[in-house]
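Participant: Take this sequence and fold it.
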Amino acid sequence: MTIITTTENKKVYFASDQHLGAPNAEASFSREKKFVAWLDHIKKDAEALFLLGDLFDFWFEYKTVVPKGFVRVLGKLAALRDSGIPIYFFVGNHDLWMRDYFEKELNIPVYHAPQIFIINNKRLLIGHGDGLGPEDKGYKRMKKVFTFPLFKWLFRWLHPDIGVQLGQYMSVKNKLISGEEDAKFLGEENEWLALYCKRKLETKHYDYFVFGHRHLPLEINLQKDSTYVNLGDWIKYFTYGEFSEDTLRLKEF
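Facilitator: Numbers count the residues shown, from 1 in each chain. Here you go, the predicted structure:
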């Protein structure tokens, strides 16, 4: 458990689902520049920054190779981290094959499961959100395959020119990212991440649950003093979370 106490006039920021690289290089480039502009915008008062997964539409780390590109966002994250701003990265379902590149090159810790953080005495459960809750059963089965050590070992033996191209092709086939399909709100009683949060509240109190993955900016009150927040995305909504004093709010850039 990590404890963060903000200093005067400082804030904690959250963002998720940039999907850089999709649906094509031209569209991705314009979104990358906008996200970098947001990083520049928050650096003046950021106590910490949380990136909740799917920063890249595809990411696979070989022992000595990572996908080329994204130099602007990687350089900006390095600059923020070098300036002393803590950054926490949670892998998503599109960049779940991340290993230690961020940790070694950028000094950014990488998490593969939801984590508890205490921010200004508020308890937050933070993660990407994929595979949680009672639904998403097809993806849960697929994730078990993709994270199976033998599968990763076999994929690593593909030449990067083949492996990366194949991974990018499969990722862009997701209609949600290609722009052919919009995420639909299922209603509070059917949103599986909200149901997951309610089950977690049965055993422990959390002031906020903060997730991405759904590509919808959502704020759902679970109890009088507990809220589920979904950060939306940087494809359609360009939304982010801002934690100031003791309150988390969704904002648009």
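
Participant: All the helices of this protein, in order from the start?
Facilitator: 25-42, 71-82, 101, 137-146, 149-156, 160-172, 175-178, 192-201 (DSSP state H).

Participant: Just give me the lowest mean pLDDT stretch among those helices.
Facilitator: Mean pLDDT is lowest for helix 175-178 out of the helices of the chain, coming in at a mean of 51.

Participant: Next, count neighbours for residue 78.
Facilitator: By other CB atoms under 10 Å, 16 other residues sit near residue 78. Backbone N, C-alpha and C define where each C-beta goes, glycine included.

Participant: what about it, distance to residue 36?
Facilitator: 12 Å (CB to CB, to the nearest Å).

Participant: What of residue 101?
Facilitator: Distance from residue 101 to residue 36, by CB to CB: 19 Å.

Participant: buried stuff in stretch 8-23?
Facilitator: Going by neighbour count (16 or more other CB atoms under 10 Å), the buried part of stretch 8-23 is 10-23.

Participant: Let's have those residues in TSV, adding pLDDT.
Facilitator: Shown next, in TSV, are the buried residues of stretch 8-23 (pLDDT from 0 to 100):
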residue	pLDDT
10	97
11	98
12	98
13	98
14	98
15	98
16	97
17	95
18	95
19	93
20	93
21	89
22	84
23	82
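
Participant: nearest to residue 50, of the residues you listed?
Facilitator: Among the buried residues of stretch 8-23, residue 14 lies closest to residue 50 (CB to CB), at 4.6 Å.

Participant: Quick one: residues contacting the residue nearest to that closest one when sequence neighbours are not counted.
Facilitator: Leaving aside its sequence neighbours, residue 14 sits nearest to residue 241 (CB to CB, 6 or more residues apart in numbering; 3.4 Å). Counting by CB atoms under 8 Å, 6 or more residues apart in numbering, residue 241 touches 13, 14, 15, 50, 210, 229, 231, 248, 249, 250, 251.
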